[in-house]
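Engineer: Need a 3D model of the sequence below.
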Amino acid sequence: MRDNCVSNRVFTSYANIVAPCCEAWNKLIDQPWRIMTIGDRKWAW
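Structural biologist: Model prediction:
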């Protein structure tokens, strides 16, 4: 999330950060293969 959707930004309030975080989360859960590859790394065992 921080590498793509919420990096290098200044948020002036809690309300301003919620929408980008929700959007980033929804993009992530639409990509289950990304989560599976993170969990499949040897160092994560």
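Engineer: could you give the mean pLDDT of the longest helix seen in the chain?
Structural biologist: As assigned by DSSP state H, the longest helix anywhere in the chain is helix 14-29. Helix 14-29 comes out with an average pLDDT of 88.
Engineer: Check which helices and strands it sits against.
Structural biologist: If contacts are counted by 3 or more Cβ pairs under 8 Å, 6 or more residues apart in numbering; DSSP states H and E, helix 14-29 sits against no helix or strand. C-beta: built from backbone N, CA, C; applies to glycine.
Engineer: Need the CA coordinates for the helix or strand that that helix is followed by. CSV is fine.
Structural biologist: Counting by DSSP states H and E, the next helix or strand C-terminal to helix 14-29 is helix 32-39. C-alpha atoms of helix 32-39 as CSV (Å, rounded to 0.1, in the frame of the first residue of the first chain):
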residue,chain,number,x,y,z
PRO,A,32,-5.0,-12.8,-4.2
TRP,A,33,-1.9,-14.0,-6.0
ARG,A,34,0.1,-11.0,-4.6
ILE,A,35,-0.7,-12.1,-1.1
MET,A,36,0.0,-15.7,-1.8
THR,A,37,3.5,-14.9,-3.2
ILE,A,38,4.4,-12.8,-0.2
GLY,A,39,3.4,-15.7,2.1
